[in-house]
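Trainee: sharing a model prediction with you, sequence too.
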Amino acid sequence: MDLNFNKNEDHNKLLLSDLRQKFSKIKLGGGEKRIQKLHSEGKMTARERIDYLLDTKAESIEIGALVGEGMYKEHGGCPSGGVVVKIGYIKGKQCIVVANDATVKAGAWFPITAKKNLRAQEIAMENKIPIIYLVDSAGVYLPLQDEIFPDKEHFGRIFRNNAIMSSMGITQISAIMGSCVAGGAYLPIMSDEAIIVDKTGSIFLAGSYLVKAAIGENIDNETLGGATTHCEISGVTDYKAKDDKDALDKIKNIVDKIGDYTKAGFNRIKAVKPTLDEKEIYGLLPKARTEQYDMMEIINRMVDNSEFEAYKDGYGQTIITGYARIDGWAVGIVANQRKVIKTKKGEMQFGGVIYSDSADKATRFIANCNQKKIPLVFLQDVTGFMVGSKSEQGGIIKDGAKMVNAVSNSVVPKFTVIVGNSYGAGNYAMCGKAYDPRLIVAWPSAELAVMGGTQAAKVLAQIEASSMKAKGEIVDEAKEAELFAKIKARYDEQTSPYYAASRLWTDAIIDPLDTRKWISMGIEAANHAPIEKAFNLGVIQV
């Protein structure tokens, strides 16, 4: 291995170390003191509940662990959005579990909490997998109620989704393991079955203080909405549990008896590990986002037996397309090639840029995968579409539109991995979040933005300098350099994968070596939902 490989490896391992440190802190939720307080009340934490519920030796993946990172500082922060979401297995059945973290503002719902809960429901609905709610929440975080209450993607959408999932036959099970108040009370009761923990679980539209203020009635919360009231008098809940573990055991028993599902029928054979060393990805992925590298070297360390059947190998070479297997599942891979390509005509094409021929190739390949019912995997390291008079006259907009059309109308499940750059319209064409990938993850090396930091900062600095000059201010070279540095620092912060993950533009930032697991579990989830719609590109310019 050369010196450059070693430098890349050190850099990428440091990025991974930073990710692990952040995650270690996030796992503490609201902090050690609040965890201890929860334990003193006889309750488990959200993560302890999920760990107990999921099969111990089975794989699991966490959705949105970094949600809320760096947000709501004036409100004390909201680690992981105040809710933990995992896809795993209960009695061998794949499920998604949503657990309020009562150590974070008593499990109150921030705006990002609602967005994360809606994402969990979206995953359940797209893949038709059971969803389990472990409820322990004080309800809407009132100081931010205007950002969470009335809109289409706010709190009320949760209950609409409960109703839609019920009509779709998607299993929903709730356990009320703490507070469940006001509008939030509808979530567990709109589930198929509801369990409540005696003495620690409570559910009511209005608590004792509000009841006193509203109608003058004196009553304690336990009598108002505790387990005995709702299991023996109102009939609101279905099962009374003596403690957290008993409630979780009841969920296990219910899930254990769910019947089999109709499969989509995606092709899978026995999994084989890549023959090339996966750990070499750390050294192959360059430190600088502007450096060139061969994406095929990455792919060969991700796919089964390091085998890849290239489609149109010699055409449109800035996008790689072809068939492979990941953990036994047949997949079609669409990846940006990051090395400079010399075409048969003797022209040079820049790596990471989408040209007309590569967009045309990708469109055809996506159509083929839809015809053959093969899930698609997009590996993003893209700076955008090629610009300039030659590209415009060659119809780059038309060819780019065809690719976006194919991605938009694709009916097979799509999975997106942001390896490096994810800029501008390249993000869209390579199945960014707006194009409904079943799962979208980023590596620690990822950057998401309209354009690269240096280019954007140059443009913005020029605009600001011109504005200052127009006002009669003196702008010399030193001032221009200061403007550039200030704007670039702000822009770089916003292009960070953590900035994207905190806002749920991606589902997770992951170790590159976990990519196979995420894609495999994602396809397994998608296999629960047979394809019911035919692939149709609609009207396109040819």
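Mentor: Sure thing, it's come through.
Trainee: buried ones in the helix or strand containing Lys252?
Mentor: Per DSSP states H and E, Lys252 falls inside helix 244-256. Buried residues in helix 244-256, counted by 16 or more other Cβ atoms under 10 Å: 244, 247-248, 250-251, 254-255. (Glycine included, C-beta is placed from N, CA and C.)
Trainee: go on, stretch 386-402?
Mentor: Applying 16+ other Cβ under 10 Å to stretch 386-402 flags 386, 391, 396, 399-402 as buried.
Trainee: quick one: the residues you listed as JSON lines, columns for secondary structure too.
Mentor: What follows is those, written out as JSON lines (DSSP: H, G, I helix; E, B strand; the rest coil):
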{"residue": "Met386", "secondary structure": "coil"}
{"residue": "Ser391", "secondary structure": "helix"}
{"residue": "Ile396", "secondary structure": "helix"}
{"residue": "Asp399", "secondary structure": "helix"}
{"residue": "Gly400", "secondary structure": "helix"}
{"residue": "Ala401", "secondary structure": "helix"}
{"residue": "Lys402", "secondary structure": "helix"}
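Trainee: of those residues, which one scores lowest on pLDDT?
Mentor: Ranked by pLDDT, the buried residues of stretch 386-402 bottom out at Ser391, which scores 81.
Trainee: do I have it right that that residue meets Gly384?
Mentor: No - applying Cβ atoms under 8 Å as the test, Ser391 and Gly384 come out as separate, 11.0 Å apart.
Trainee: SS state for Val97?
Mentor: Following three-state DSSP, we place Val97 in the strand state.
Trainee: ok, now how distant is it from Ile440?
Mentor: Per Cβ to Cβ, to the nearest Å, Val97 is found 20 Å from Ile440.
Trainee: ok, now Ile258?
Mentor: For Ile258, the distance to Ile440 (Cβ to Cβ) stands at 28 Å.
Trainee: so between these two, which is more surrounded?
Mentor: Ile440 (26 against 14; other Cβ atoms under 10 Å).
Trainee: ends of stretch 331-351, how far apart?
Mentor: By Cα to Cα, to the nearest Å, the extent of stretch 331-351 from end to end equals 23 Å.
Trainee: next, count neighbours for Lys73.
Mentor: Neighbours of Lys73 (other Cβ under 10 Å): 8.
Trainee: correction: Thr495
Mentor: As a measure of burial, Thr495 has 21 neighbours, counting by other Cβ under 10 Å.
Trainee: give me the phi and psi for it.
Mentor: Dihedral angles phi and psi of Thr495 (degrees, to the nearest 10) take the values phi -90, psi -10.
Trainee: was I right about it contacting Glu447?
Mentor: Yes - Thr495 lies in contact with Glu447 (Cβ under 8 Å); the separation is 4.4 Å.
Trainee: name the SS class of Ala330, please.
Mentor: Ala330 - assigned by three-state DSSP - is strand.
Trainee: if I look at it, how far off is Asp304?
Mentor: For Ala330, the distance to Asp304 (Cβ to Cβ) stands at 10 Å.
Trainee: alpha carbons only: can I get the helix or strand that the helix holding Lys252 is followed by in PDB?
Mentor: For helix 244-256, the following helix or strand on the C-terminal side (DSSP H and E) is helix 281-284. Output in PDB follows, covering the C-alpha atoms of helix 281-284 (Å, rounded to 0.1, in the frame of the first residue of the first chain):
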ATOM      1  CA  ILE A 281     -12.300   1.100   1.500                       C
ATOM      2  CA  TYR A 282     -10.800   3.400   4.200                       C
ATOM      3  CA  GLY A 283      -7.600   3.700   2.300                       C
ATOM      4  CA  LEU A 284      -9.200   3.900  -1.200                       C
END
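Trainee: rounded mean pLDDT for the helix or strand that comes right after helix 281-284, please.
Mentor: Counting by DSSP H and E, the element after helix 281-284 in chain order, helix or strand, is helix 295-299. Across helix 295-299, pLDDT averages out at 98.
Trainee: again, but for stretch 521-539
Mentor: For stretch 521-539, mean pLDDT rounds to 93.
Trainee: which residues are contacting stretch 480-497?
Mentor: Contact with stretch 480-497 is made by 418, 442-449, 452-454, 456-458, 460-461, 464-465, 475, 499, 506, 509, as judged by Cβ atoms under 8 Å, 6 or more residues apart in numbering.
Trainee: 7 Å instead, please
Mentor: 442, 444, 446-449, 453-454, 456-458, 460-461, 464-465, 499, 509 (Cβ atoms under 7 Å, 6 or more residues apart in numbering).
Trainee: got a list of what the residue lying closest to Val104 once chain neighbours are set aside touches?
Mentor: Leaving out its chain neighbours, the residue that sits closest to Val104 by Cβ to Cβ, 6 or more residues apart in numbering is Gly82, at 4.0 Å. Shown in contact with Gly82 (Cβ under 7 Å, 6+ apart): 100-101, 104-105, 107-108, 110, 113.
Trainee: mind doing that once more with 6 Å?
Mentor: Going by Cβ atoms under 6 Å, 6 or more residues apart in numbering, Gly82 touches 101, 104, 113.
Trainee: SS state for the last one?
Mentor: Here Thr113 takes the helix state, with states given by three-state DSSP.
Trainee: now do it against Ile397, distance only.
Mentor: Computed as Cβ to Cβ, the Thr113 to Ile397 distance reads 40 Å.
Trainee: and the helices in the stretch 401-542 of the chain?
Mentor: For the stretch 401-542 of the chain, applying DSSP state H, counting those that start in this stretch gives helices covering 424-429, 453-470, 477-495, 497-502, 515-526.
Trainee: weakest of the ones you listed by average pLDDT?
Mentor: Among the helices of the stretch 401-542 of the chain, helix 453-470 carries the lowest mean pLDDT, at a mean of 77.
Trainee: where in the protein is pLDDT low?
Mentor: For the chain, the stretches with pLDDT under 70 are 1, 183, 451-453, 456, 540-542.
Trainee: biggest helix in it by residues?
Mentor: When the chain is scanned for its longest helix (criterion: DSSP state H), the result is helix 3-26.
Trainee: other SSEs contacting it?
Mentor: Applying 3 or more Cβ pairs under 6 Å, 6 or more residues apart in numbering; DSSP states H and E, one finds that helix 3-26 contacts helix 281-284.
Trainee: tell me the helices and strands packed up against the helix it packs on.
Mentor: Secondary-structure packing of helix 281-284 (3+ Cβ pairs under 6 Å, 6+ apart): helix 3-26.
Trainee: report the buried residues of the helix it packs on.
Mentor: Using 16+ other Cβ under 10 Å as the test for burial, helix 3-26 gives 8-9, 11-12, 15-16, 19, 22, 26.
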